[in-house]
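Q: Below is the sequence, then the predicted model.
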Amino acid sequence: MRRFFGLLIVLLLISLPVLALGQSRALLVACHDFISMPDLGNAVSGNLHIIGSSLVGAGMNVGSLSIEDGTIGTLDHLRGAINDAFNGADETDLSILYLCTHGVLSSADDGQVYLMLGDGKSEAPLSAADLQQLLSSIQGEKLLIVDACYSGALI
């Protein structure tokens, strides 16, 4: 609960300078069903709706709000959702991606962290490099919010 209020405060503080930008687009993704990991349950679905309500309630010019609740299990599915959600963004726009999933520390000694995509039928790791590549083609400002264990290590 404390993490949610902290996130809400951050979103509100970030939204103040963003109001001067053009249109905002948001893609909210929750992965809660996995093959090799414990399911995350219904809480992550609630997170999507709370974050979406916060974005709309902050008075941001949200022109498009896409929600993928348990439907992203592969990198290709995520790429498609990102392309659909942020299609048409230009240099004055803000694109917000919220990912709520498992974060996994690599079992190798390389210290890599992966976000797990999972839809109950398929799952795939998402590296920081993958994420950067997916977001690099989007025009304008980008805001990435990651709600997962080890998320700070993605930086």
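A: Arrived safely. Small disclaimer: the values here were computed from a predicted structure and weren't measured.

Q: Would you mind listing where this protein has pLDDT under the threshold?
A: For the chain, the stretches with pLDDT under 70 are 1-21.

Q: Would you map the strands across it?
A: For the chain, the strands defined by DSSP state E cover 24-30, 62-69, 94-100, 102-105, 113-118, 123-126, 141-147.

Q: Dump the ones you listed to TSV, plus mean neighbour count.
A: Heads up, the C-betas are built off the backbone N, CA and C, glycines and all. Conversion of the strands of the chain to TSV gives the following (neighbours: other C-beta atoms under 10 Å):
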stretch	mean neighbour count
strand 24-30	24
strand 62-69	17
strand 94-100	23
strand 102-105	18
strand 113-118	24
strand 123-126	20
strand 141-147	17
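
Q: Dump the ones you listed into TSV; add distance to Ser54 as well.
A: Compiled in TSV, these are given as follows (distance: least, C-beta to C-beta, whole Å):
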stretch	distance to Ser54
strand 24-30	10
strand 62-69	11
strand 94-100	10
strand 102-105	22
strand 113-118	21
strand 123-126	24
strand 141-147	11
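
Q: Can you say which of those is nearest to Val56?
A: Closest approach to Val56 among the strands of the chain is made by strand 62-69 (5.7 Å; C-beta to C-beta).

Q: packing partners for the closest one?
A: Judged by 3 or more C-beta pairs under 8 Å, 6 or more residues apart in numbering; DSSP states H and E, strand 62-69 is in contact with strand 24-30, helix 43-57, helix 75-86.

Q: Could you export the ones you listed as CSV, including distance to Leu131?
A: Shown next, in CSV, are the helices and strands packed on strand 62-69 (distance: least, C-beta to C-beta, whole Å):
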stretch, distance to Leu131
strand 24-30, 11
helix 43-57, 18
helix 75-86, 9
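
Q: Can you tell me which of these is packed in deepest?
A: Of all those, strand 24-30 carries the top mean neighbour count, a mean of 24, counting by mean count of other C-beta atoms under 10 Å.
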